[in-house]
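[1] give me a model of this one.
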Amino acid sequence: MDRDWMWLPNRLSRDYVEGVKSFIQVAKEHLRWDNKTRCPCRDCQNARFNDLLTIERHLIRFGFSRSYQKWIFHGEEHESQPNEQNDIGVDTEIVDATDVDILNEVVDALNDACGHIDNDINLEESTTHGKFDYLLGEANKELYPGCKKFSALTFLVKLMHIKVLNRWSDKSFDMLLQVLVDAFPERSNIPKTYYDAKKMLRDLGLGYDSIHACKYDCALFWKENETLDKCPVCDEPRYKFCNGKGKKIPQKVLRHFPLKSRLQRLFMSRHTTSDMRWHKENESIQAWKDMDTQFPWFSQEPQNVRLGFATDGFNPFGSMSNSYSMWPLCMKEMFFMLSLLIPGPQAPGRDIDVYLRPLIEELKELWHEGVQTFDVSTGENFRMHACVLWTINDFPAYGNLAGWSTKGYKACPVCNEDTSSLGIRSKICYMGHRRFLPLDHGWRRSRQHDGKRSFDHPKNPGKHPNNVDRKRKRVPEELNWTKKSIFFELEYWSKLKLRHNIDVMHVEKNVCDSVVGTLLNIVGKTKDTNKARLDLADMNIRKELHLQIQGNKLVKPHACYTLTVEERKEFCKFLKSVKFPDGYAANLSRNVSINDGKISGLKSHDCHVLLQKLLPIAIRPYFNKDLCTTLVELCSFFQKLCAKTLYVNDLEKLEEGIVLILCKLERIFPPAFFDVMVHLMVHLPREAKLLGPAYIVNEALIFCSMYLLELKHMKALRVKQSPEAIDELYSLACGPDNRVHTYMGCIVNGVRFHTKDRDDRRITQNSGICVSGEHDGEEIDFYGVLSNVVVLNYVLGDTNIEIDEEVWGSDEEVYQDNESHELNVVNDNVLILENMNDNDDNFICDDIEEEDETLDDYANENEMWLSSDSKSESD
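    Sure, this is the predicted structure:
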């Protein structure tokens, strides 16, 4: 049969559409028990099972797989030997009986691990596909004789997934496997130990290299030092003392996870390859543009990769009391890659460059030579190059990587030698932010800040191009350099505009701890100590706060920025009563003690929520207007800086605004409040302009509204049998079925919603919703609570109704049809909102379109039927 139509470039042509229909007729005769069959489109590659309607849509959209010349999965005879594997290597009988979702996950994982498998490749000569053959062989094995639900591989993958999600120990997993081996039939293919399970799945991962290191972080036993038994620097033995018995145990082991193979996998997977060219199709941030200007050859290839680099320490045993830590160095979650894992009871500190050596060598190779990579989206090989644009770390790690001491009078690496610092009792404070104000500003002449007037020439924060003395030569004693960073071995590193980025979350946590600790006067965290009051006396400012002698005692007067004992209890009572949506924040009530009037044990994200969402509300009843306004402005600064979408104009306003905020804080809090972390806030807007996030505002609403206007023509297109009038669009044009289901909750775009009735019985709050709308011609936000969830079903013909999988927790099943029919349904979840004001209208939030409409067809809560108007067809 002539099938040249399968490769026509115009998949909307009459010949192609008629050919697809002929294929669908053939496929109808070879459906599974659930009325599904393999989809031969370029995206599914016969690895997924879909219904005929979905297959038809896929073939129109993606076209046929180039390797699918004979329709061997849809009735045509296979000419190869009976023992030969099909193009994905899975036995048809087992596949038909295997859980479809699990199988699809496994096939996707195999494709990601070993690359795209094409029929034109000789698998016997390809070592790359040897792993693929082995894993697919495991997928073909029955779990036990007669098992049709799982294969050996899918069952093991499921078990390992449960182990990770529930944090099972290796010992408990070994015990479980032993019980399963004893309980299942004798010929079952279940591994006996966790070690055996890892061996079965080892080829799904990419592995790592173990490199021995000196006990004192002097050198790696790598490359030229690989055969040495003693450190070439300090002569310390490579191995622990074992008296010549047993296996040699190294003093320290660095685990290096090669970067090249992991980057190659991102292009080999169809799920991630399109995102690897995101920067070429969207507006880039300033640092990216500058890199493209400096190295035009690098920017010409859209598949070249830009990397970020981060370091942090963690305790692998989950207990802060254990004296052990590991330092992972990492480069949307699927794009996070663990690159190096450094063990030891302490951080490597300035010696971290020793451990960075394997990664730097790999980065050099990726920049100069590149690596041959297969891009599954184009089906072609290309030479991939990569570079590191910046690093982002907490402040101590910043100093270790950059080679700049983050302590002392010049601790700020951005201000450099221009750091404004002052030695006070037992510490150094970083004030002097008035130097960023115009010369004619009134606060320049005020003595309320530090007891002096400020007439320094106004400076732009940090390494601004207008700072004319940037190129002045300095002697090493002037600065805080401790070493030359190993990153300068990269050819492009010295030309980057911003090499090291300050971690906003780390700054935010430290600022939050300082503010909350001082407001609540928490011992050990407050900045308002006796020494801080003595600093005020030394500067001769705010005399009302100086320590006073009463008899034989020194009395500390109450400050306007601290709460009384009763106010602290009320403040903590408010925080303990707050309910958050599921997954939004931790349960802060566990960190709040009402009797003691203090907060403890806050993590970074807890401080993020507390500072941006709760503090502006909680402080209002207790402080004067000036203090309240300043703290609210501080909270608003972080809220705007951490927004998903940032505009350059807004960042410029933040850059000016944070200077005023810091100057206001200098007039309120004692000098001890202003440590280097508080000072670093002044540089955050500039770094955000250079490094992002710089997301382009999505115009999806306008696009969707234009698209929906075309639905009125669907009926006419349907009569003309136009391929554009697909069943889904025609169903939307005809309107929803007038029978609906109601629910007590749903998940929309990964966010969980509950109705108000359900929320009243839980410790979390998921019923509050905010939607945008217009009032008197102005765009404003409407706030309300969710009273009900309704599912609209757009049905082709008089058939049964399916419920969308994302909707859960049935409150009342209003309509149920027990007859079994073949069904084509488009689901539309609608959230019914009840505004805080009973006199206001109801609003809806739709998880398909982000538009707000009035739901005229929603009759009432008790009778879940839409009006008959909903069945009328569009003109």
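[2] pLDDT on stretch 649-659, on average?
    Mean per-residue pLDDT for stretch 649-659: 91.
[3] next, give phi and psi for the residue nearest to residue 455 when sequence neighbours are not counted.
    Excluding the flanking residues, the one nearest residue 455 by C-beta to C-beta, 6 or more residues apart in numbering is residue 444, at 6.6 Å. Bear in mind the C-beta positions are built from the backbone N, C-alpha and C, glycine included. When read as degrees, to the nearest 10, the backbone of residue 444 gives phi -60, psi -30.
[4] could you dump whichever strand in the chain runs longest to CSV, C-alpha only?
    Ranked by residue count, the top strand of the chain under DSSP state E comes out as strand 778-795. C-alpha atoms of strand 778-795 as CSV (Å, rounded to 0.1, in the frame of the first residue of the first chain):
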residue,chain,number,x,y,z
GLU,A,778,-9.8,50.2,37.5
GLU,A,779,-8.2,46.8,37.9
ILE,A,780,-8.4,45.7,41.5
ASP,A,781,-8.2,42.4,43.4
PHE,A,782,-11.3,40.7,44.8
TYR,A,783,-11.0,38.5,47.9
GLY,A,784,-13.3,35.8,48.9
VAL,A,785,-13.7,32.3,50.3
LEU,A,786,-14.4,29.1,48.3
SER,A,787,-17.9,27.8,49.0
ASN,A,788,-18.2,25.0,46.4
VAL,A,789,-16.4,23.3,43.5
VAL,A,790,-18.3,22.4,40.4
VAL,A,791,-17.1,20.3,37.5
LEU,A,792,-18.5,21.1,34.0
ASN,A,793,-18.4,18.4,31.4
TYR,A,794,-18.4,19.1,27.7
VAL,A,795,-19.8,15.9,26.2
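[5] who are the packing partners of that strand?
    Other helices and strands packing on strand 778-795, by 3 or more C-beta pairs under 8 Å, 6 or more residues apart in numbering; DSSP states H and E, are helix 727-734, strand 741-748, strand 751-754, helix 756-759, strand 768-775, strand 825-835.
[6] given it, what are its sheet partners and their directions?
    Strand 778-795 sits in its sheet next to strand 741-748 (antiparallel), strand 768-775 (antiparallel), strand 825-835 (antiparallel), going by DSSP bridges.
[7] quick check: buried residues in the second one?
    If you call a residue buried by 16 or more other C-beta atoms under 10 Å, then strand 768-775 has these buried ones: 768-769, 771.
[8] so what's residue 531 up against?
    424-426, 672 (C-beta atoms under 8 Å, 6 or more residues apart in numbering).
[9] no, scratch that, I was asking about residue 488
    residue 494.
[10] in terms of pLDDT, where does it sit?
    As predicted, residue 488 sits at a pLDDT of 94.
[11] and what of the one 5 residues further on?
    Note for residue 493: predicted pLDDT of 94.
[12] ok, and the closest non-adjacent residue to it?
    Using C-beta to C-beta, 6+ apart and skipping residues adjacent in sequence, the residue nearest residue 493 is residue 487, 4.9 Å away.
[13] and the one you found, which of the three is it?
    Reduced to three states with DSSP: H, G, I helix; E, B strand; the rest coil, the structure at residue 487 is helix.
[14] again, but for residue 210
    Secondary structure, three-state DSSP: residue 210 is strand.
[15] what bridges to it?
    residue 255.
[16] JSON lines please, covering the buried residues of strand 768-775 and showing distance to residue 339 and pLDDT.
    Formatted as JSON lines, the buried residues of strand 768-775 follow (distance: C-beta to C-beta, whole Å; pLDDT from 0 to 100):
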{"residue": "768", "distance to residue 339": "41", "pLDDT": "84"}
{"residue": "769", "distance to residue 339": "41", "pLDDT": "82"}
{"residue": "771", "distance to residue 339": "42", "pLDDT": "78"}
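[17] doesn't residue 433 make contact with the residue nearest to residue 455?
    No - using C-beta atoms under 8 Å as the test, residue 444 is too far from residue 433 to be in contact (11.5 Å).
[18] so for the two, which residue has more residues nearby?
    The residue with more neighbours, out of residue 444 and residue 433, is residue 433; 26 against 18, by other C-beta atoms under 10 Å.
[19] residues touching that one, list them.
    420, 659, 662-663, 666, 679, 682.
[20] you'd agree residue 587 is up against residue 763?
    Yes - with contact defined as C-beta under 8 Å, residue 587 reaches residue 763; the gap is 7.2 Å.
[21] neighbour-wise, which of these two wins?
    Legend: neighbour count by other C-beta under 10 Å for residue 587 and residue 763, higher for residue 587 (14 against 9).
[22] quick one: contacts for that one?
    Here residue 587 is in contact with 580, 763 (C-beta under 8 Å, 6+ apart).
[23] quick one on the thing from earlier: pLDDT wise, what is the residue nearest to residue 455 at?
    Looking at residue 444, its pLDDT is 86.
[24] contact partners for it?
    Residues near residue 444 by C-beta under 8 Å, 6+ apart: 434, 437, 453-455.
[25] the longest strand of the chain: which residues count as buried?
    Buried residues in strand 778-795, counted by 16+ other C-beta under 10 Å: 782, 784-795.
[26] got it, and stretch 248-262?
    Of all the residues in stretch 248-262, those buried under the rule 16+ other C-beta under 10 Å are 250-252, 254-260.
[27] now the residue nearest to residue 493: how far from residue 448?
    Separation of residue 487 from residue 448 (C-beta to C-beta, to the nearest Å) stands at 43 Å.
[28] okay, these two: which has more neighbours?
    Between residue 487 and residue 448, counted using other C-beta under 10 Å, residue 487 has the larger neighbour count: 22 against 13.
[29] how many other residues sit next to residue 749?
    Counted with other C-beta under 10 Å, residue 749 comes out at 7.
[30] same list, the buried residues of strand 768-775, but as a markdown table with distance to residue 71 please.
    Below are those laid out as a markdown table (distance: C-beta to C-beta, whole Å):
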| residue | distance to residue 71 |
| --- | --- |
| 768 | 53 |
| 769 | 49 |
| 771 | 49 |
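[31] of those residues, closest to residue 632?
    Minimum distance to residue 632 across those is 21.1 Å, recorded for residue 768 (C-beta to C-beta).
[32] stretch 569-579: which residues count as buried?
    Going by neighbour count (16+ other C-beta under 10 Å), the buried part of stretch 569-579 is 569, 571-572, 575-576, 578.
[33] contacting residues around it?
    With contact meaning C-beta under 8 Å, 6+ apart, stretch 569-579 is reached by 519-520, 563, 588-589, 592-595, 597-599, 610, 614, 618-619, 621-622, 759, 762-765.
[34] which SSE is the residue lying closest to residue 492 once chain neighbours are set aside in?
    Excluding its sequence neighbours, the residue lying closest to residue 492 (C-beta to C-beta, 6+ apart) is residue 387, at 5.8 Å. According to DSSP states H and E, residue 387 maps onto strand 386-393.
[35] go on, residue 626?
    Applying DSSP H and E, one finds residue 626 within helix 625-641.
[36] same question, residue 514
    For residue 514, the host element (DSSP H and E) is helix 504-519.
[37] narrow the contacts of residue 433 to those that are buried.
    Among the contacts of residue 433, the ones that count as buried by 16+ other C-beta under 10 Å are 420, 659, 662-663, 666, 679, 682.
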